[in-house]
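Visitor: A structural model of the following input is requested.
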Amino acid sequence: MKASIRVRLTLVYAVVLVATSAALLALNDALLYRSLYTNVKGPIPADMRPGDDAPNEKLSAYWAEQAEIRHLRADVLLHSAGTSALALVIAAVAGLAVCWLVTGRMLRPLRTLTAATRRISQDRLAERVALTGPPDELKELADTFDAMVGRLEASFNSQRRFVADAAHELRTPLSIVRTGAEVQLAKRHDAPAEWRAMADRVLTATARAERLLDGLLALARSDSGALTAEPCDLAVAAAGALGEADPEAERAGLTVTTDLRPAPVHGDPVLLDRLVRNLVDNAIRHNRPAGWLRVTTGATDHGCVITVDNSGDPVPAAEVDRLFEPFQRLARDRAAGPRSTGLGLAIVRSIVRAHAGTVTAVPLDEGGLSVTVSLPRAGGPG
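Guide: So this is what the prediction gives:
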């Protein structure tokens, strides 16, 4: 059976305590042995020389005294060693008890952390350790664990919202298709024009569902991290996106200005094209009639940048971050447009993160939004 960490720590502390005590006792006995019965008034060197005719009485007395001292030292050391051994045994037993209590006290936060970990599950992510005490390593570990659980809770909540919103968004076009088909089939005599109108509604609804599914797939791909790394130019991607969106911009009467300078990056060409197209489409669809749109690209010392500015309704600064969440719109009660999926900026943020970049959005004073994406420059750290 594997010993617990409390047992191991207790044994280690006790061994260190006993070894230290034994060393101190041995040092004390050695010093005691050297200092016992030392004759500080011994004979002078002249008295220590033997005589020519008869033995030196002082020298004989000296050696007799030294023999007696050695005998007394041995007796004292023997008694001292017995006392030291008894003291060492008592220290070992007391040390084991004290070390057991101290390690238990020190490891109590770990038991608290273990109990909290066992309680936490997918449905109980609100649990926290909330460890109190001095700001030591165990407190730091518990706080780090609480922060991790907090991130997991936010991630699970976001996932639940995402699934619910995706189901709601998909239900709308499918309901249109089903209702239209049921109504049309319930009629016995229908003119070709009515069938054509129903077919148009079905095509519009299925196209919306396809765009939503395409957006979900792009979001999943960028979140997966399985990306290719090829040379790309944000300026080329912006020119292509503007060319595709030109008819829609003309219908809205928008004035489009560009300043497309080379912005070479390394990344997934399909996802980067999707990123730029989403920025342009978002700026067109959330604009005002006869408004304006400005797209700029370029390279800086820190990376390559694309900025898309557009006119539009005023955007509260507190609502900007929410626009990057899936299926979030500026007006919560506003229905989605026929071409809107609610994933535009969410996909942008996911692609930017997958390419180790940053995205920021700033409300414009006159209304509208300025979105800037910065990505590492190709051929360097950025």
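
Visitor: center of this protein, which residue is that?
Guide: M148 (7.1 Å; Cα atoms, centre = their mean).

Visitor: quick one, what contacts that one?
Guide: By Cβ atoms under 8 Å, 6 or more residues apart in numbering, the contact set of M148 is empty. The way it works is simple: take the backbone N, C-alpha and C, and place the C-beta from them, glycine included.

Visitor: that one and P109, how far apart?
Guide: Distance, M148 to P109, using Cβ to Cβ, to the nearest Å: 16 Å.

Visitor: tell me the average confidence for the strand or helix carrying the residue nearest to the centre of the chain?
Guide: Assignment of secondary structure by DSSP states H and E places M148 within helix 137-186. Average pLDDT, helix 137-186: 73.

Visitor: low-confidence regions, the stretch 201-350 of the chain specifically.
Guide: 208, 210-212, 215-226, 327-342 (pLDDT under 70).

Visitor: ok, and the closest non-adjacent residue to N278?
Guide: Nearest residue to N278 in three dimensions, chain neighbours excluded: G344, at 4.5 Å (Cβ to Cβ, 6 or more residues apart in numbering).

Visitor: dig out what the closest residue in space to R261 that isn't next to it in sequence forms beta bridges with.
Guide: What sits nearest to R261 in space, not counting adjacent residues and going by Cβ to Cβ, 6+ apart, is G298, at 4.2 Å. Going by DSSP bridges, G298 is paired in beta bridges with V305.

Visitor: which residues touch V129?
Guide: T112, L113, A116, A142, F145, D146.

Visitor: ditto for T117
Guide: Counted by Cβ under 8 Å, 6+ apart, T117 has contacts F145.

Visitor: what strand or helix carries it?
Guide: helix 57-119.

Visitor: can you check T360 too?
Guide: Here T360 is assigned to strand 358-363, by DSSP H and E.

Visitor: state the mean pLDDT of that strand.
Guide: Strand 358-363 comes out at a mean pLDDT of 92.

Visitor: give me the buried positions along that strand.
Guide: V359, A361, P363 (16 or more other Cβ atoms under 10 Å).

Visitor: Throw these into CSV and include distance to V305, thanks.
Guide: Listed next are the buried residues of strand 358-363 as CSV, based on distance: Cβ to Cβ, whole Å:
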residue, distance to V305
V359, 11
A361, 14
P363, 19
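
Visitor: what is the nearest of those residues to D75?
Guide: The shortest gap between D75 and any of these belongs to V359, at 87.9 Å (Cβ to Cβ).

Visitor: now do the contacts for the nearest residue to that closest one once chain neighbours are set aside.
Guide: Leaving aside its chain neighbours, V359 sits nearest to V352 (4.5 Å; criterion: Cβ to Cβ, 6+ apart). V352 makes contacts with L275, T358, V359, V373, L375, as judged by Cβ under 8 Å, 6+ apart.

Visitor: correct me, but the third one touches R349?
Guide: What it means is V359. Yes: applying Cβ atoms under 8 Å as the test, V359 and R349 come out as touching, 5.6 Å apart.

Visitor: identify the contacts common to these two.
Guide: F324.

Visitor: re the thing from before, the residue nearest to N278 touches N282, doesn't it?
Guide: Yes: G344 is within contact range of N282, at 4.4 Å (criterion: Cβ under 8 Å).

Visitor: okay, now the domains of the protein?
Guide: 5-119, 137-220, 228-375 (automatic domain parsing).

Visitor: let me have those in JSON lines, extended by distance to L131.
Guide: JSON lines is the format used below for these (distance: least, Cβ to Cβ, whole Å):
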{"stretch": "domain 5-119", "distance to L131": "5"}
{"stretch": "domain 137-220", "distance to L131": "4"}
{"stretch": "domain 228-375", "distance to L131": "31"}
